[in-house]
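> next one to model:
(one chain, ligands or ions: 1)
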Amino acid sequence: MKFYIETYGCQMNVSDSELVSGILLNAGWEQAFAIDDADLILFNTCSVRQHAEDRVLGRIANEKHRKMQNPELKIAVLGCMAQRVGKRLLEKDFGVDFVVGVDQYLQLPELLSQERGMETEFDHFQIYPGLKPVHGDQSCAFVTIMRGCDNFCSYCIVPHVRGRERSVDFEQIVEEVAKCGDNGMKDVTLLGQNVNSYRWGDYNFPRLLLELNKIDSIYRLRFVTSHPKDLSDGLVQAMADCDKVCEHIHLPLQSGSNPVLKAMNRKYTIEHYFGLVEKLRAAIPNISLTTDLIAGFPGETHADFELTLDAMREIRFDYAFCFKYSEREGTAACSFENQVPETERLSRLQEMIDLQREITLEKFSAQVGNEIEVYVESLSKKSVHQVSGKTRDYKIAVLDGDESDIGTLKKARVKSATAGTLIC
Ligand code: SF4
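Numbers count the residues shown, from 1 in each chain. Got it, this is the predicted structure:
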């Protein structure tokens, strides 16, 4: 019997899909690399925005017809949407046979021996100990070091669908990262909703970085996501001290206005955030900063929004993931009365995107003429004589090369730039 996984949402889900592949392979299933060959289609889903859920429902509706040709075919929904929507996915005529929440993947093989079923209980201690994720043949790896989140930002569904914060066994992480390096994945990203609060016995996150930095088989270490309220001086120092930790941090700001940050329950002020940027830039010259921003959060006035634009101009992020606020049922902000009209959210979002594109283009263009070091990840989509990869400061670069360069570090000089790619 063969399974095929389609993954939506963040890198956490990519990592969970690798975990699920490992569980199913151990149970005797085979992995199908084309959906046509599958006896079981798994959708690993995201609930962060309504749009993400709508996309998956559309995909399931599209694949349902396969059941007419193959009545034995089963469809399973995993991940955040399974957790959030639960039983309703089985009740309605969605064509879904199994619904499995984020802490119940170990139950999958047993569940699949039944006709239909659901497992969505939270297990607030589940860290999937000792399991071997299947990283495939990619050149970069994502290693989960934490699961869940305790922060309850008022707009965010994650604590409601991923449960409470828990850290993965320190030794398991070291073993996993070393194995990734041994298997040719030399660029490793550590994953967690809030990696800054990693804790395993005496090991906090800076100590974890210092230990992982000793692993010879990897070239580069990255991590996402950091919460500004938990970014310690110890972490800034560890980033500066560890030669494998890349000069990049993703530090979600969300808003430049203190009243909005308070309503978001972010637990820091814009002044605190500016202070962190100053410390990071002082300790790690040329560090690149990326962020997440929300336009049109409930109660955001035009003056609040202008403060976000001011912060963007002052900090000059290398890149920003900009979103309009999306109501998620079950979160605190969903019941706030002062919702910003959709048209206003959209126009603020566009203004944000335009400003960031300008800044990003300036940042990328400033690299023209510089020699950069690229970790080659794949062949370029446009030419077989070119390869694509990332710089240490998380910029995509395209350079001359071929398949044999994948998984290696290459030096190249930047000839030109767009607001997304360095061309060498
Ligand atoms: S820190 Fe806030 S935004 Fe990030 S996952 Fe947790 S609740 Fe969501």
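> so which bits of the stretch 101-250 of the chain are right by the ligand?
Counting by CB under 6 Å from any ligand atom, the residues of the stretch 101-250 of the chain lying close to the ligand are Cys149, Asn151, Phe152, Cys153, Cys156, Val158, Pro159, Gln193, Asn194, His227. C-beta here means a position set from N, CA and C on the backbone, and glycine is covered the same way.
> list the contacts for the fifth one?
For Cys156, the set of contacting residues under the criterion of CB atoms under 8 Å, 6 or more residues apart in numbering consists of Val48, Cys149, Arg328, Thr331.
> how about it, secondary structure?
Of the three states, Cys156 takes coil according to DSSP: H, G, I helix; E, B strand; the rest coil.
> any idea how far the lowest-mean-pLDDT helix or strand in the chain is from the chain center?
None of the helices or strands of the chain scores lower by mean pLDDT, DSSP states H and E than helix 66-69, at a mean of 85. Taking the mean C-alpha point of helix 66-69 and that of its whole chain, the gap between them comes to 34 Å (CA atoms, centre = their mean, to the nearest Å).
> convert the C-alpha atoms of whichever helix or strand comes after it to PDB, please.
Elements were assigned by DSSP states H and E; along the chain past helix 66-69, the next helix or strand is strand 74-78. Below are the C-alpha coordinates for strand 74-78, written out as PDB (Å, rounded to 0.1, in the frame of the first residue of the first chain):
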ATOM      1  CA  LYS A  74      -8.500   6.700   1.400                       C
ATOM      2  CA  ILE A  75      -8.100  10.400   2.100                       C
ATOM      3  CA  ALA A  76      -6.700  11.600   5.400                       C
ATOM      4  CA  VAL A  77      -6.500  15.200   6.800                       C
ATOM      5  CA  LEU A  78      -3.600  15.900   9.200                       C
END
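> what's the following helix or strand after strand 74-78?
Moving toward the C-terminus from strand 74-78, the first helix or strand encountered (DSSP H and E) is helix 79-85.
> show me the contact partners of the helix or strand following that following helix.
Using DSSP H and E, the next helix or strand after helix 79-85 towards the C-terminus is helix 88-91. The set of residues external to helix 88-91 that reach it, using CB under 8 Å, 6+ apart, is Val77, Met81, Ala82, Val96, Asp97, Val99, Arg116, Met118.
> of these, select the buried ones using a PyMOL command.
Entered in PyMOL, the line below selects the buried ones among these, by 16 or more other CB atoms under 10 Å:
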select buried, resi 77+81+82+96+97+99+118
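> let me see the domain layout of this structure.
Following automatic domain parsing, the chain resolves into domains at 2-119, 135-246, 280-366, 371-423.
> these: which one's closest to Phe274?
Ranking the domains of the chain by proximity to Phe274 (CB to CB) places domain 280-366 first, at 7.4 Å.
> so for that closest one, mean pLDDT?
With pLDDT averaged residue by residue, domain 280-366 scores 97.
> name the residue of the stretch 201-350 of the chain that lies nearest to the ligand.
Using CB to the nearest ligand atom, His227 is the residue of the stretch 201-350 of the chain that sits closest to the ligand, at 5.2 Å.
> quick check: bridge partners of Thr189?
Partner residues in beta bridges with Thr189: Phe142, Arg222, with DSSP bridges as the criterion.
> got the contact list for it?
Contacts of Thr189 (CB under 8 Å, 6+ apart): Gln11, Cys140, Ala141, Phe142, Val143, Leu221, Arg222, Phe223, Val224.
> please apply the same query to Phe142.
The neighbours of Phe142, taking CB under 8 Å, 6+ apart as the test, are Gln11, Val14, Ser15, Glu18, Val188, Thr189, Leu191.
> now do 10 Å
Under the criterion of CB atoms under 10 Å, 6 or more residues apart in numbering, the neighbours of Phe142 are 10-16, 18, 133, 135, 180, 185, 188-191, 222, 224.
> ok, now which ones touch Glu337?
So Glu337 contacts Pro298, Gly299 (CB under 10 Å, 6+ apart).
> SS state for it?
Counting by three-state DSSP, the three-state call for Glu337 is coil.
> quick one: the lengthiest helix in the chain to chain centroid distance?
Using DSSP state H to define each element, the chain has its longest helix at helix 342-365. Between the centre of helix 342-365 and the centre of its host chain there is 21 Å, according to CA atoms, centre = their mean.
> swap in stretch 270-284?
23 Å.
> ok, stretch 131-148 next?
With CA atoms, centre = their mean as the basis, the distance from the averaged C-alpha position of stretch 131-148 to the chain average is 12 Å.
> just to revisit the earlier point, pick out the most distant pair among the contacts of Cys156.
The two members of the contacts of Cys156 with the most space between them (CB to CB) are Cys149 and Arg328, at 13.9 Å.
> what is in contact with these two at once?
Residues touching both Cys149 and Arg328 comprise Cys156, Val158, His160, Val161, with contact defined as CB under 10 Å, 6+ apart.
> which residue, neighbours along the chain excluded, lies closest to the second one?
Closest residue to Val158 in three dimensions, ignoring its sequence neighbours and counting by CB to CB, 6 or more residues apart in numbering: Cys149, at 5.1 Å.
> and Gly256, by the same measure?
Looking at Gly256 with CB to CB, 6+ apart, the closest residue is Ala311, at 3.3 Å.
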